[in-house]
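Chemist: turn this into a structure:
(2 chains)
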Amino acid sequence: MSETKPVRTRFGPSPTGPLHIGGARTALFGWLLARHYGGQFILRIEDTDQTRFVEGSVDLVKNGLSWLGLDWDEGPDKGGPYGPYTQSERLDLYQKWAQWLLDNDKAYRAYDTPEELDAINNELRARKLPPGYDGRHRNLSPEQEEAFIAEGRKPVIRFKTPQEGKIVVKDLIRGEVEFDNSTLQDTVLLKSDGFPTYHLAVIIDDHFMEISHVTRSIEWFPSLPLHTHLWQAFGWEMPQYAHLPVLLNPNGKGKLSKRHAGFSEDGKQILVLTKEFEDAGYYAPAVVNFLTNIGWNFGDEREVFDVEEAIERFDITTVNPANSVYPIEKLDWLNGIYIREKMTDDELVTELQKPLEAAGYTVDLDVLKQIVPIVKTRIKTFNDVVDLAGFFFSEDFKPPTPEDVIQKKMDAAQTRDLLLATDEVLATIEPFDHTTLYERMKELVGELGLKNGQVFGAQRVAVTGQTISTPTFETMEILGREETRRRIQLVAKLLE
RNA sequence: GCCCCAUUCGUCUAGUGGCCUAGGACAUGGCCCUCUCAAGGCUAAAACAGGGGUUCGAGUCCCCUAUGGGGCACCA
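Modeler: Numbering: from 1, shown residues only, chains lettered A, B, ... in the order given. A predicted model of the protein is given here:
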């Protein structure tokens, strides 16, 4: 790629809501590209549509990026040499260059009203032509213009799109594509309220911010011919473009979007906002790994890698051009890998404390630290710890139902006797650790003439209150002799 | 309606004319391990959308069809 110019990419969210996982993926690839070349990643707020502005969304987007570790070098909050980085603060620039286009006969004022535009649209449709604008104000005489102005009409500025011939555009992922200029329209560049449309703003900003590579979602691909014409009209050197494929819904129908959020066939919630992933107990580096694997692959048949490794290898030109169904089930697996292989126990203590406390438990950090080794192979998300091991922290132990305690081919009396026998062992056993406990309880099984499953099962349920839990004897060890006995006795009493 | 992009196991992908008896991963089934559940190990099933070309040879190149996606705003 460019040897002389520094690589600069940007992410340009419009502040209309929180950061979406699709947007995050797009941002990630741009970020990866910049970081790979040691360049800069710029955050630019594209708020040229005043009507869609949602208060607070800039912060939500920034929080989402930060959570994922996608840091930006220049942006509205950080400043930088090419600011301001919020489009609504750059209006004079856009207006100046729109005027330049006018002065150089590359654009014109159009005075059509919304109603007239509708009519044109309908007419074009009726004639089976692409809807849009037919360019009727391209060559207005000064008198006609004055008449419109006298009517109080406010003009827009439209681009004089070349109408004949073909244009070849270049995309880093797809190669060269040819478009017929006759299919293009005289697009609005400056709205009647003086704000630019995306098309004008993006070209001007990318130029003055010295963006070297434009990474954006595939839905922008159809406007590449327009943008290419615009670059040529301005006579500016064009950056390289890479249009990223999008994420599709799990059912394969349509682009993943907020509106499609909901539940999949198996009843699981489909997460789409980065905040939702965070709240659901996913680890940001795992999410980044997951996202990086969609549409791009590390090579060497490796699925698990650190972001530093991805940066080193990332190549935008090898991105798969096809859209992908969002492979969400892989995230659970990856998150599990990160939990058990990549995170330290101390990090896990910090992360697991949050959902536990959110669930209302008072967390003893010493206890939490002890249970980390036995929960980490059993959870996929941080939140899973609540159901698996919340019982370690419940001050008033929630006893199980008798049906859960009583094992196969046993009745309440037998089970109670079993627990009482267990309690007797617990009272005196030394040392009170899981290997000793396990060895002794195996003997107890024989003494009682029962099966492993019957004894261990009843003990598990009695101590943890659940049928699925951390290993029983490790659990007892952590709970301690006193608490373990208290629970066993309590459950035994329930069976009377 | 018109224009554009795409199409390999259920899903994410490897594959850039012979190394493909199409590889990996997730999910799924089986076995092992085992105090539950996991984790781990082994293993099984599972794909080049269809049809025409080009070529000695096609998953890989070309065309058509089908399907999916995107676009055609004073939204981004």
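Chemist: run a quick neighbour tally on the closest residue to A:Asp384 other than its chain neighbours.
Modeler: Excluding its sequence neighbours, the residue lying closest to A:Asp384 (Cβ to Cβ, 6 or more residues apart in numbering) is A:Gly281, at 6.9 Å. The C-beta positions use only the backbone N, C-alpha and C, and glycine is treated the same way. As a burial measure, A:Gly281 scores 21 neighbours (other Cβ atoms under 10 Å).
Chemist: helix, strand or coil for A:Gly281?
Modeler: Look at A:Gly281: counting by DSSP: H, G, I helix; E, B strand; the rest coil, its state is coil.
Chemist: how about it, phi and psi?
Modeler: phi 90, psi 30 (degrees, to the nearest 10).
Chemist: ok, it touching A:Leu388?
Modeler: No - counting by Cβ atoms under 8 Å, A:Gly281 stays clear of A:Leu388, with 11.9 Å between them.
Chemist: check contacts around the most far-flung residue of chain A relative to its centre.
Modeler: Most distant from the centre of chain A: A:Glu447, at 56.0 Å, with distances by Cα atoms, centre = their mean. When contacts are counted by Cβ atoms under 8 Å, 6 or more residues apart in numbering, A:Glu447 touches A:Ala421.
Chemist: where exactly do the helices run in the stretch 1-150 of chain A?
Modeler: Using DSSP state H, counting those that start in this stretch, the helices of the stretch 1-150 of chain A run over A:21-36, A:57-68, A:91-103, A:114-126, A:142-150.
Chemist: any idea which of these has the lowest pLDDT on average?
Modeler: Mean pLDDT is lowest for helix A:114-126 among the helices of the stretch 1-150 of chain A, at a mean of 90.
Chemist: next one: A:Gly254, what pLDDT does it get?
Modeler: 77.
Chemist: that one: neighbour count?
Modeler: With other Cβ under 10 Å as criterion, A:Gly254 counts 11.
Chemist: most packed of the helices of the stretch 1-150 of chain A?
Modeler: helix A:21-36 (a mean of 24; mean count of other Cβ atoms under 10 Å).
Chemist: returning to that earlier point: contacts only, for the residue nearest to A:Asp384.
Modeler: Here A:Gly281 is in contact with A:351, A:355, A:381-384 (Cβ under 8 Å, 6+ apart).
Chemist: and which of the residues you listed is nearest to A:Gly75?
Modeler: A:Glu351 (27.7 Å; Cβ to Cβ).
Chemist: returning to what we had before: can you tell me which of the contacts of A:Gly281 has the most neighbours?
Modeler: Busiest of these [other Cβ under 10 Å] is A:Phe382, holding 23 neighbours.
Chemist: SS state for it?
Modeler: Applying three-state DSSP: A:Phe382 is coil.
Chemist: distance of the closest residue in space to it that isn't next to it in sequence relative to RNA strand B?
Modeler: Leaving aside its sequence neighbours, A:Phe382 sits nearest to A:Gly281 (Cβ to Cβ, 6+ apart; 3.5 Å). Note on A:Gly281: its distance to RNA strand B, by Cβ to the nearest atom of the strand, to the nearest Å, is 15 Å.
Chemist: the helices in the stretch 251-400 of chain A, which residues?
Modeler: Under DSSP H, counting those that start in this stretch, the stretch 251-400 of chain A gives helices at A:274-279, A:284-292, A:307-313, A:328-337, A:345-358, A:365-375, A:384-389.
Chemist: out of those, nearest to A:Pro431?
Modeler: helix A:365-375 (15.5 Å).
Chemist: so what does the closest one touch, helix or strand wise?
Modeler: helix A:345-358, helix A:384-389, helix A:472-479 (3 or more Cβ pairs under 8 Å, 6 or more residues apart in numbering; DSSP states H and E).
Chemist: in that helix, what's buried?
Modeler: Neighbour counts over helix A:365-375 (16 or more other Cβ atoms under 10 Å) mark A:368, A:370-372, A:374-375 as buried.
Chemist: next one, pLDDT for the residue lying closest to A:Phe432 once chain neighbours are set aside please.
Modeler: Spatially, and ignoring its direct neighbours in sequence, A:Phe432 is nearest to A:Arg481 (4.9 Å; Cβ to Cβ, 6+ apart). The model reports A:Arg481 with a pLDDT of 96.
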